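Peer 1: what's the 3D shape of this:
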Amino acid sequence: MALIHDNLFVCSTHIFIMYSVVAWLYNFILKMLKTLINLFNGKKFNVMRNRVDFNHFSIQEFYLGVLIVALIIFLLPTLAMFYFLAFIKLVVSVLAL
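Peer 2: Predicted coordinates for the structure are as follows:
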């Protein structure tokens, strides 16, 4: 039984690695979206004090934020489908074996 489990783990390692990369990327994009929402509210995260402070941004920073938000909004559904449908199904099916 342990030999079958080890063989299955070795044969499915690439699936878990791809899942980890996509999960990290999905989490990173969600954190970036949260940061950009703070940008539009006139706030930024202060690393030294570990809190959100108010800030006055220039118009160029807002334009750059709008471009990045547009990219994220268009790419997020594709990444979410890969994350939820493809990899979750694969991981659950491997774990079910």
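
Peer 1: Identify the residue nearest the residue most central in space within the chain in space, chain neighbours excluded?
Peer 2: Centrality entry for the chain: nearest residue to the mean C-alpha point is Tyr26, 1.7 Å, by CA atoms, centre = their mean. Closest residue to Tyr26 apart from its sequence neighbours, by CB to CB, 6 or more residues apart in numbering: Tyr83 at 4.8 Å. For the C-beta atoms, the positions are set from N, CA and C on the backbone; glycine is no exception.

Peer 1: Surely that neighbour and Val22 touch.
Peer 2: Yes: taking contacts as CB atoms under 8 Å, Tyr83 lies within contact range of Val22: 5.3 Å.

Peer 1: For this structure, which segments are assigned as strands?
Peer 2: Secondary structure of the chain (DSSP state E): strands located at 43-46, 51-54.

Peer 1: Would you mark the buried spots in the first one?
Peer 2: By neighbour count on 16 or more other CB atoms under 10 Å, the buried set for strand 43-46 is Lys43.

Peer 1: go on, stretch 76-83?
Peer 2: Neighbour count says stretch 76-83 has Phe82, Tyr83 buried, by 16+ other CB under 10 Å.

Peer 1: same thing with stretch 33-53?
Peer 2: Leu36, Asn38, Leu39, Lys43.

Peer 1: What of stretch 59-72?
Peer 2: Result for stretch 59-72 [16+ other CB under 10 Å]: buried residues Gly65, Val69.

Peer 1: Check stretch 18-33 too.
Peer 2: Those would be Tyr19, Val22, Tyr26, Ile29, for stretch 18-33 by 16+ other CB under 10 Å.

Peer 1: what's the distance between the last one and His56?
Peer 2: If you measure Ile29 against His56 using CB to CB, to the nearest Å, the figure is 26 Å.

Peer 1: Also the second one?
Peer 2: Plainly put, Val22 is 37 Å away from His56 if you go by CB to CB.

Peer 1: The first one too?
Peer 2: Using CB to CB, we find Tyr19 at a distance of 41 Å from His56.

Peer 1: before we move on, what about the third one?
Peer 2: Look at Tyr26 and His56: by CB to CB, they are 32 Å apart.
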